[in-house]
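1. My questions concern the predicted model and sequence given below.
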Amino acid sequence: MRVGLTYDLRDEYLAMGYSLEETAEFDKPDTVEGIEGALRELGYDTERIGHARALAARLVAGDRWDLVFNIAEGMHGVGREALVPALLDAWRIPYTFSDPLVLALSLHKGMTKSVVRGFGVPTPDFAVVESEADLDAVALPFPLFAKPVAEGTGKGITAASKLRTPGELRAVAADLLARFRQPVLVETYLPGREFTVGIAGTGPDAEVLGVMEVLLGEGAEADAYSYFNKENYQGRVSYRLMRDAAADRCAELALRAWRGLGCRDGGRMDFRLDAAGEASFIEVNPLAGLNPVHSDLPIICRLGGMPYAELIRRIMESAKQRCSP
């Protein structure tokens, strides 16, 4: 089987003049090398394609693949993660991971929270702030938490994201609106433990690969799994697989939300406990990072004894099963 690889390399965008923060979600060469090496180990014939513009040019030129392994995040707009899948749908080429609808929806954290509530999945009360004028209508009790509505990798999240006063809310929201040029999600701050749930498969075949607790240590930014903490996790953040009642509840809710949203093949879902110890949905990542060493989903698998190639095999088998006649 001929498998194409779509991705956004951080170095390419840095060379174009984009900043480190703007390119935070993009991959380094060792991620692409890791995926390609695992696919070849599994017997696939691979070919690198690259970002959405490179894919479009190849498609117009007549190039085709039996399946595309897609980890391209895109650069512009709330629908940026949906661009590569939409192009592949237009040419009827199957691909790994979720479709354009799921990827566009899930990147907007506010809309995703509204949808998962319909599946009976708890999530903190929230408001979407599109301008500073909207702050006057935010009627949530403090403390609150603020972040860009459509970013990943902890972009825009710092120790200042936990808000204790109206003045802090106004200052942080104004900064995020100006820096990211998108709405700001303001939600009730959850003071409890933080978990991320790894999932493989689609629909009724989806299964939890593990529930990992994220523990902030000495030297980490307080109160949040922030961009700084993710980029500098060694020595500051520790991870452990959990199988207690709280982890089991997160796993149950994660599968309910995963199946309800229509996520496919593999990804992660984040949860945090409230003051009463009840689990609440934070966000879903249906296009999760796959760096063999540093990304959360492979870390979950490694802690559970699953080799990286086995994770890639499960993703591929799920995609192939979906796409078979």
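-> Looks like it arrived, so ask away.
2. mind listing what's buried in stretch 22-29?
-> Glu22, Thr23, Ala24, Glu25, Phe26, Asp27 (16 or more other C-beta atoms under 10 Å). Every C-beta, even on glycine, is put in place using the N, C-alpha and C of the backbone.
3. Name the residues that touch that stretch?
-> 7-11, 13-14, 71, 73, 75, 151-155, 227, 231, 289, 291 (C-beta atoms under 8 Å, 6 or more residues apart in numbering).
4. before we move on, back to that, now the buried residues of stretch 22-29 as JSON lines including secondary structure, distance to Pro85 and pLDDT?
-> As requested, these are exported to JSON lines (DSSP: H, G, I helix; E, B strand; the rest coil; distance: C-beta to C-beta, whole Å; pLDDT from 0 to 100):
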{"residue": "Glu22", "secondary structure": "coil", "distance to Pro85": "22", "pLDDT": "88"}
{"residue": "Thr23", "secondary structure": "coil", "distance to Pro85": "21", "pLDDT": "92"}
{"residue": "Ala24", "secondary structure": "coil", "distance to Pro85": "22", "pLDDT": "89"}
{"residue": "Glu25", "secondary structure": "coil", "distance to Pro85": "16", "pLDDT": "90"}
{"residue": "Phe26", "secondary structure": "coil", "distance to Pro85": "17", "pLDDT": "94"}
{"residue": "Asp27", "secondary structure": "strand", "distance to Pro85": "17", "pLDDT": "94"}
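5. From Asp223, how far out is the closest residue to Ala222 other than its chain neighbours?
-> Spatially, and ignoring its direct neighbours in sequence, Ala222 is nearest to Ala159 (5.1 Å; C-beta to C-beta, 6 or more residues apart in numbering). Ala159 is 6 Å from Asp223, where distance means C-beta to C-beta, to the nearest Å.
6. Run through the residues that contact the residue nearest to Ser131 when sequence neighbours are not counted.
-> Excluding the flanking residues, the one nearest Ser131 by C-beta to C-beta, 6+ apart is Leu177, at 7.0 Å. By C-beta under 8 Å, 6+ apart, the contact list for Leu177 reads Val129, Ser131, Glu132, Pro183, Val184.
7. The last one contacts Asp175, doesn't it?
-> It stands for Val184. No - judged on C-beta atoms under 8 Å, Val184 makes no contact with Asp175 at a distance of 9.3 Å.
8. And Ala159 and Asp223? Which one has more around it.
-> Comparing Ala159 with Asp223 by other C-beta atoms under 10 Å, the one with more neighbours is Asp223, at 17 against 13.
9. about what we covered before: which of the contacts of stretch 22-29 are buried, as a PyMOL select command?
-> Burial among the contacts of stretch 22-29 is assessed by 16+ other C-beta under 10 Å; the matching PyMOL selection reads:
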select buried, resi 7+8+9+10+13+71+73+75+151+152+153+154+155+227+289+291
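10. Against Val237, how distant is the residue nearest to Arg236 when sequence neighbours are not counted?
-> Excluding its sequence neighbours, the residue lying closest to Arg236 (C-beta to C-beta, 6+ apart) is Ala220, at 4.0 Å. Per C-beta to C-beta, Ala220 is found 6 Å from Val237.
11. Now for those two: what residues contact both?
-> Asn229.
12. These two: who's more crowded?
-> Each of Ala220 and Val237 has its neighbours counted (other C-beta under 10 Å); Ala220 has more, 21 against 18.
13. Wasn't that one part of a strand?
-> No - using DSSP: H, G, I helix; E, B strand; the rest coil, the assignment for Ala220 is coil, not a strand.
14. Show the backbone phi and psi for Arg58.
-> Dihedral angles of Arg58 (phi, psi; degrees, to the nearest 10) stand at phi -70, psi -40.
15. what's the nearest residue to it if we skip its chain neighbours?
-> Ile49 (6.0 Å).
16. According to the record, where do the domains of this structure fall?
-> Under the assignment automatic domain parsing, the domains of the chain span 2-95, 106-120+191-323, 126-188.
17. before we move on, the earlier item: wait, what's in contact with the residue nearest to Ala222?
-> By C-beta under 8 Å, 6+ apart, the neighbours of Ala159 are Glu221, Ala222, Asp223, Ala224, Ser226.
18. Most neighbours out of those, which is it?
-> Highest neighbour count within the contacts of Ala159: Ser226, with 24 neighbours (other C-beta under 10 Å).
19. what sits against that one?
-> Ser226 neighbours (C-beta under 8 Å, 6+ apart): Gly154, Ile157, Thr158, Ala159, Ser161.
20. quick one: Leu163 and Ser238, what's the gap?
-> 26 Å.
21. more crowded one of those two?
-> More neighbours surround Leu163 than the other of Leu163 and Ser238, with 21 against 13 (other C-beta under 10 Å).
22. which residues of the stretch 1-150 of the chain score low on pLDDT?
-> For the stretch 1-150 of the chain, no stretch has pLDDT under 70.
23. Try it again at 90.
-> The stretch 1-150 of the chain contains residues with pLDDT under 90 at 19-22, 24.
24. on that earlier part again, in CSV: the buried residues of stretch 22-29, plus distance to Arg64.
-> Formatted as CSV, the buried residues of stretch 22-29 follow (distance: C-beta to C-beta, whole Å):
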residue, distance to Arg64
Glu22, 32
Thr23, 29
Ala24, 32
Glu25, 28
Phe26, 26
Asp27, 24
